[in-house]
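> here is my input, please return the structure:
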Amino acid sequence: MDDPLRHHGDVEARGAVLDFAVNVYDGPRPSWLDHALHASIDAAGAYPDADRARAAAARHHRRPQDGVLVTAGAAEAFTLVARLRPWRRPVVVHPQFTEPHAALEQAGHRVTPVVLPPPYTLDPTLVPDDADLVVVGNPTNPTGVLHPADEIRALLRPGRVVVVDEAFMDCVPGEAESLAGVRLPGLVVIRSLTKHWGIPGIRAGYLVGDAMVVTGLALNQTPWSVGTTAAAAVEACTTPVAATEAHRRAEQIRDGREHLEKGLADLGIDFLPSAASFVLARPGAGVHDELRAQGIAVRRADTFPGLDESWIRVAVRAPEVTDRLLAALSRLPHRPPTPPPPQQR
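Numbers count the residues shown, from 1 in each chain. From the prediction side, this is the model:
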């Protein structure tokens, strides 16, 4: 691959018979969301306006609109953060989604990776004191670790921006550790609608946080970057009706994840307990390719700093679909994992 930091699960899923590589909810979209998406086409003759979506997200998180920015998915938000300032020492906490790291490098910054040791729980003391930007996922992709909100708060200090990627927080029933409704200087939280609502083809997301930081991010946003359909998705998915459905989906994902984790345990395959719509498992080197030869796509994990080829990330699916993966794994030899890499600072 050209750049491991830009490798994503959609590439793995191409041509697969069974897709466990992409973390998109695989059930049907709600009728009210489809209606909002289809209705938005009628407004496609005018330039897009995300004001109503911004107001809806602000109401959803009970915060003023000056602390909200609608974006073309989380990916645009990461790019805006990377270009916000001439960061002196940006830090990305790994293992985590690599796009923030790639965006910072693309913007000309030299990133300091902080690679957490197993079991990959956040330790704020590992972050250098002079870091002026810290990016961390919660729950983290690919580990599925849900960090306590207080541990993330401990990263905040004067002159530092802390960006929390909560793309998978809606997988957590009740979202107990979310900081999206918290107003603190230097805190920015990024949310994505892609995964939970099954709309990866519509780049829809938003960020909330310190109004001064959000204003700076908005100044760098490309005009009309959020299309009419994406804005309609944000508006539709931040209503009370959507919140009820989001909670139901979170409980369904939890049940499916427990089925997957029990199956892995029964096979004697190491894994990390997860709070997200995927599980990081360690069946050994070569298993990824052997599954692929059978038409089963799982996400390779060696492109995430801190992990190696013995790990795979497995998306949560319906139990009957998961059982097909577990049956395939049961027929494969499980290789002993290699020792974890040394912790990096």
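
> test my guess that Pro90 contacts Glu105.
No. Applying C-beta atoms under 8 Å as the test, Pro90 and Glu105 come out as separate, 9.6 Å apart. Where C-beta positions appear, they are placed from N, C-alpha and C, glycine not excepted.

> the two: who's more crowded?
Between Pro90 and Glu105, Pro90 has the larger neighbour count (other C-beta atoms under 10 Å), namely 24 against 17.

> please name the nearest non-neighbouring residue to the more buried one.
Leu133 (4.1 Å; C-beta to C-beta, 6 or more residues apart in numbering).

> quickly list the domain ranges of the chain.
For the chain, the structural domains run 4-27+243-330, 31-240, going by the TED database.

> how about CSV for those domains, with mean pLDDT added?
Shown next, in CSV, are the domains of the chain (pLDDT from 0 to 100):
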stretch, mean pLDDT
domain 4-27+243-330, 95
domain 31-240, 97
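
> name the residues contacting each of Pro90 and Glu105.
Both Pro90 and Glu105 are contacted by Val111, under the criterion C-beta atoms under 8 Å, 6 or more residues apart in numbering.

> buried ones in stretch 115-122?
Val115, Leu116, Tyr120, Leu122 (16 or more other C-beta atoms under 10 Å).

> so which of the residues you listed are in helices?
Per DSSP state H, helices hold no members of those.

> helices or strands up against the lengthiest helix in the chain?
For the chain, the longest helix by residue count, based on DSSP H, is helix 240-266. Using 3 or more C-beta pairs under 8 Å, 6 or more residues apart in numbering; DSSP states H and E, the elements in contact with helix 240-266 are helix 31-40, strand 270-271, strand 278-282, helix 319-330.

> from Thr79, how far out is the nearest residue to Leu326 once chain neighbours are set aside?
Of all residues not flanking Leu326 in the chain, Gly263 sits nearest, at 4.1 Å (C-beta to C-beta, 6+ apart). Distance of Gly263 to Thr79, computed by C-beta to C-beta, to the nearest Å: 38 Å.

> more neighbours: which of these two?
Between Gly263 and Thr79, Thr79 has the larger neighbour count (other C-beta under 10 Å), namely 24 against 21.

> so that one touches Leu104, yeah?
No. Look at Thr79 against Leu104 with C-beta under 8 Å: they stay out of range, at 9.3 Å.

> circling back to that earlier point, wait, the residue nearest to Leu326 sits on Thr322?
Yes. Proximity of Gly263 to Thr322 meets the contact threshold set by C-beta under 8 Å, at 6.5 Å.

> tell me the SS of the residue most central in space within the chain?
Most central in the chain under C-alpha atoms, centre = their mean is Ala167, positioned 3.7 Å from the mean C-alpha point. Following DSSP: H, G, I helix; E, B strand; the rest coil, the label given to Ala167 is coil.

> so who does it touch?
So Ala167 contacts Ala74, Phe97, Gly137, Asn141, Ile190, Arg191, Ser192, Thr194, Lys195, Gly205 (C-beta under 8 Å, 6+ apart).

> how about Ala43?
With the criterion set at C-beta under 8 Å, 6+ apart, Ala43 makes contact with Thr228.

> the one 4 residues further on now?
With contacts defined as C-beta under 8 Å, 6+ apart, Tyr47 is in contact with Trp224.

> how many neighbouring residues does Leu69 have?
Neighbours around Leu69, by other C-beta under 10 Å: 26.

> tell me the secondary structure for it?
strand.

> pretty sure it is touching Gln221, no?
Yes. Leu69 is in contact with Gln221 according to C-beta under 8 Å; the separation is 7.2 Å.

> what do those two both touch?
Common contacts of Leu69 and Gln221 (C-beta under 8 Å, 6+ apart): Leu80.

> how close does Arg313 get to Leu18?
Here Arg313 is placed at a distance of 15 Å from Leu18 (C-beta to C-beta).

> those two: who's more crowded?
Using other C-beta under 10 Å as the criterion, Arg313 and Leu18 rank with Arg313 on top: 27 against 18.

> can you list phi and psi of the more buried one for me?
Torsion angles at Arg313 (phi, psi; degrees, to the nearest 10) stand at phi -110, psi 130.

> Thr229 too?
According to degrees, to the nearest 10, Thr229 has phi -70, psi -40.

> burial count for the closest residue to it other than its chain neighbours?
Closest residue in space to Thr229, ignoring its immediate chain neighbours: Ser40 at 4.5 Å, by C-beta to C-beta, 6+ apart. If you count neighbours by other C-beta under 10 Å, Ser40 ends up with 20.

> many thanks, I have nothing further to ask.
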